[in-house]
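Asker: Structure, please.
(chains A and B)
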Amino acid sequence: MSDKDRIASDRDCGGDVAAYALGALDEAEAQTFRAHLQECAVCQDELAAFEQVVNILPGSAPAYRAPRRLRRRVMNAVAEEPRHGRASAPRRRALPRPVLAFGGAFALAVAAVVVVLAVGSSGPRSPRVVNAQVVGSGSASLRVSRDHAELVVHRFQAPPAGQIYEVWLQRGKTGAVTPTKALFSVNDAGDAAVDVPGDLHGVTLVMVTREPAGGTQKPTHPPVISAALD
Amino acid sequence: MFRPTLSRRPPRPDLSSLADEDLMARVQEGDARAFEVIFDRHADAAFSLAYRMCGRRITAEDVVQEAFLSLWRSGARYDRTRGGVRSWVLGVVHNRAIDLFRRDSVRTSRDVSDEGAVERMAAPDSTEGEVHRREDASEVQGALQDLPDDQRQVIELAYFGGFTHSEIAEQLKLPAGTVKGRMRLGLTKLRISLGDPSGALP
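Answerer: Below you'll find the predicted structure:
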């Protein structure tokens, strides 16, 4: 790549950040940009800054009172629609059904999708954000503090009907994959934040797979999100 | 003489005194009263954004209703790390309006022809939070007005109009790269003029 090409590429990259933050990329462009975002720390920083600006743009709109009838409509609808439970962390229920075997094929799949992930410059015991590899559209990151971790998912596809996302932990490079109680779906915008329970000491990989509602004890699908810890 | 008060149940908490984040914890458990407080706090801002985007009162009401109900139905857990509840609610409203534009092509009919039927927010407001929000809003409005017209135009078409950069380029008869460049310049200038935007977030 010549210097001229590199400059042009950089310029497009920056232009995409602003358009993405404003929601002005079409879906195909947005997907391409999200894939690029996983690997470009400069774009990640710039996007974070632009999103802060975009978040306050609604403040420039003329202020109106919401009509009273709107409140009645919404509250009436709420009264008629009891909640189905928590979307981001539903309660695990016992699963008497058999689960599929989990072995080498899954390990290969994990190896295929996990990449070396950028970890913040702070020390390993400091709070940090680990960008996760995502299969398909959307993004995910793991926010790790000394004794707590939270998986944050953004613009990610919802699981198929009757299924849910389940979080798994792997200890050691070839160690066993253990289930967690963290089961979640995403909201209409494709966002979710879920606590990753349990001790992360020795955990090298945090993964998410789609599983039957209620979760399983062994993964039945390859991971759709993978975050490597050092 | 002090006499202990006999009480069979603890007093009901005054939900209106709870922070948004605490209310959201209750909403996730299906607490409709907590949801009602969240609605009351943010419905005006949600409606103002939807009305700015849709230009029609009825459509704006539909967008806001759909947005709040989706929050209720999904029991979505909002992401504290990406800003406050208001930003989150407004993000859902924005996405809903964009979905509507791209699904139904309703943008062509947008105008503010029925503005007279909507109650404009009165200027003074008693709550400290609203006063701060007005100050923030005034600051954002000022920063936008200070942008060069061509940069403000592409930002407003994209964010409030829901147009893609390609659609904007077509409308303005500009190369796509120019539109994206103006977006970037405009957002960069806004960021500079607003200082640390994170401090201005509601």
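
Asker: what sits against the closest residue to B:D44 other than its chain neighbours?
Answerer: The spatial neighbour of B:D44 that comes closest, neighbours along the chain excluded (C-beta to C-beta, 6 or more residues apart in numbering or on different chains), is A:A66 at 5.1 Å. Every C-beta, even on glycine, is put in place using the N, C-alpha and C of the backbone. For A:A66, the contact set (C-beta atoms under 8 Å, 6 or more residues apart in numbering or on different chains) comprises B:A43, B:D44, B:A46, B:F47, B:V64.

Asker: Is A:A66 in a helix, a strand, or coil?
Answerer: coil (DSSP: H, G, I helix; E, B strand; the rest coil).

Asker: Ok, A:G215 next?
Answerer: Assignment for A:G215 (three-state DSSP): coil.

Asker: Over to A:Y165?
Answerer: Following three-state DSSP, we place A:Y165 in the strand state.

Asker: Next, the contact list for it, please.
Answerer: By C-beta under 8 Å, 6+ apart, the residues touching A:Y165 are A:P159, A:L183, A:F184, A:S185, A:V186, A:A192, A:V208, A:T209, A:R210, A:E211, A:V224, A:I225.

Asker: Give me the nearest residue to the last one, chain neighbours excluded.
Answerer: Excluding the flanking residues, the one nearest A:I225 by C-beta to C-beta, 6+ apart is A:V208, at 3.8 Å.

Asker: Help me confirm that the one you found comes into contact with A:E166.
Answerer: Yes - with contact defined as C-beta atoms under 8 Å, A:V208 reaches A:E166; the gap is 6.8 Å.

Asker: And these two? Which one has more around it.
Answerer: In terms of neighbours (other C-beta atoms under 10 Å in any protein chain shown), A:V208 is the more surrounded of A:V208 and A:E166; the figures are 29 against 26.

Asker: any idea of the mean pLDDT in the helix or strand containing that one?
Answerer: Secondary structure from DSSP states H and E places A:V208 in strand A:203-212. Summarised as a single mean, pLDDT over strand A:203-212 is 86.

Asker: With stretch A:176-185 instead?
Answerer: On average, stretch A:176-185 scores 81.

Asker: tell me the contacts of the residue nearest to A:I225?
Answerer: Shown in contact with A:V208 (C-beta under 8 Å, 6+ apart): A:A140, A:L151, A:Y165, A:E166, A:V167, A:W168, A:P223, A:V224, A:I225, A:S226.

Asker: So in terms of bridging, what pairs with it?
Answerer: Beta bridges link A:V208 to A:V167, A:I225 when assigned by DSSP bridges.
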